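[1] Okay, sequence plus prediction incoming.
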Amino acid sequence: MGCSCWPGSSSKRSGEPTNKNINKKNDISCNKSKHRAQTQASSDELRVGAYETVRKEEVSKNDQLSVDVKKLNLGDEISKDGKASKRAQPFTFDELTAATGNFQSNCFLGSGGFGKVFKGLLEKTNQVVAIKQLDRNGLQGIKEFVVEVLTLSMVEHPNLVKLVGFCAEGDQRLLVYEYMPLGSLENHLYDLPPGQKPLDWNTRMKIAAGAAKGLEYLHVKLEPPIIYRDLKCSNILLSEGYHPKLSDFGLAKVGPSGDQTHVSTRVMGTYGYCAPDYAMTGQLTFKSDIYSFGVVLLELITGRKAIDNTRERSEQNLVSWARPMFKDRKNFSRMVDPLLQGQYPVRGLYQALAIAAMCVQEQPNVRPAVSDVVMALNYLASQNYEPSNHVHSSTAMTVDDDQKLVAEHELDSC
């Protein structure tokens, strides 16, 4: 059955960043060859539940995913009890070809580091899905595909995108996700097409709180915990009602355990979101994700991109531009997205900026824990703001003066 795209569906509103939103120069990691990704094993790889532990009757002797797992030497540290969930359903390439009408152009949603994304309709279940097809010459490879399948097969949370299934057949690698009709957060913050309304303050705080909850699940509630390592606006997808879900787990890595303070690994991620301590040392911690989250929160508040080469040199890096602004209360209203047209709660702005400022601290040990960020943002999201006709003045307090507000949300102790 071919895909019949819904009205208004286009690459601008996809579940994956569009071509124009992809800046390969911003990628910190160097693209390794497919052969090396398939054969080289190191401590840098995400160690996940061995696929071979799934009951033998559920895995055929020709299961290509099992072959990929063996070649990449992905261990069994995630599923320590030996139980690898198999929520993700294997699909044949023919099934996914039929779902997309042979990957026809009117089903095309966009492109990302993994490859092209298509909207599809699964014939057996009549379910609308998003199907990502690995570009064998792209930025990601077989390793990221396997990590994505095994990671999402063992997690389940309202703020994490659901992996419906996958295809590992011959040299084809495809991922099948639940369809996210509102695309990515990036599509709603920047370069809005005529007629598209910008996100209001309430929606922005709701998205921030939901994304933080997804991160909290990975850091705190999952065993063993996972460092996401690729938190950015294009990886936060939106379902109906602007409900946010984290997506793209190809760079995810098991976090430190016991008396370990960090995980040593190759530096990977996206320039502008990557924590400076991780970028300089290769020492990955949970606070690396907190920094990235702080950048996203700043994007939600300011409407500015993490890296914007179209701006003046001093304003191209969002965090570098924001840090001195935090110190002067007269700057606070100037930091707000102009598209909000002054419609935001002053007190809520101070609190949101305080949270963002603490998340993007240069020293990782002074960044807040994710659970404290969740608590603070849940409070902000619960304070429904009713827009008024007046525009706020620049009267504000500095983040340093705002310790009481921070203390109310238990961020002062972090």
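    On my side now, so go ahead. Residues are numbered from 1 along each chain as shown.

[2] In CSV, list the C-alpha atoms belonging to the helix or strand harbouring Glu216.
    Using DSSP states H and E, the secondary-structure element containing Glu216 is helix 201-216. Written as CSV, here are the backbone C-alpha positions of helix 201-216 (Å, rounded to 0.1, in the frame of the first residue of the first chain):
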residue,chain,number,x,y,z
TRP,A,201,5.6,31.2,26.3
ASN,A,202,3.4,28.4,27.8
THR,A,203,4.2,26.0,25.0
ARG,A,204,7.9,26.7,25.2
MET,A,205,8.0,25.9,28.9
LYS,A,206,5.9,22.8,28.4
ILE,A,207,8.4,21.6,25.7
ALA,A,208,11.3,22.3,28.0
ALA,A,209,9.8,20.5,30.9
GLY,A,210,8.9,17.4,28.8
ALA,A,211,12.4,17.2,27.3
ALA,A,212,13.9,17.4,30.7
LYS,A,213,11.7,14.6,31.9
GLY,A,214,12.9,12.4,29.0
LEU,A,215,16.5,13.2,30.0
GLU,A,216,15.7,12.4,33.6
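
[3] give me the number of residues near the residue nearest to Glu362 when sequence neighbours are not counted?
    Closest residue in space to Glu362, ignoring its immediate chain neighbours: Pro276 at 6.0 Å, by CB to CB, 6 or more residues apart in numbering. Where you see a C-beta, it was placed from the backbone N, CA and C, and this is true even at glycine. The number of residues packed near Pro276 is 14, by other CB atoms under 10 Å.

[4] Give me the pLDDT value at Pro276.
    The pLDDT attached to Pro276 in the predicted structure is 94.

[5] what do you get for Ser292?
    Predicted confidence (pLDDT) at Ser292: the value is 97.

[6] if I pick the closest residue to it other than its chain neighbours, what's in contact with it?
    If you skip the residues right next to it in sequence, Ser292 has Leu231 as its closest partner in space, 4.0 Å away by CB to CB, 6+ apart. Each residue near Leu231 by CB atoms under 8 Å, 6 or more residues apart in numbering is listed here: Ala211, Leu215, Leu246, Tyr273, Asp289, Ser292, Phe293, Val296.

[7] Just give me the closest of those residues to Val129.
    Compare each of the contacts of Leu231 with Val129 using CB to CB and the shortest gap goes to Leu246, at 17.8 Å.

[8] I figured the closest one hits Gly210, correct?
    No: with the criterion set as CB atoms under 8 Å, Leu246 and Gly210 do not qualify as a contacting pair; they are 9.1 Å apart.

[9] Tell me which stretches of the stretch 101-250 of the chain form strands.
    108-111, 115-122, 127-134, 163-169, 172-178, 226-227, 236-239, 243-246 (DSSP state E, counting those that start in this stretch).

[10] who's Lys132 bridged to?
    In this structure, Lys132 has the following beta-bridge partners (DSSP bridges): Val117, Leu175.

[11] check contacts around it.
    Taking CB under 8 Å, 6+ apart as the criterion, Lys132 is in contact with Glu16, Gly112, Phe114, Gly115, Lys116, Val117, Leu174, Leu175, Tyr177.
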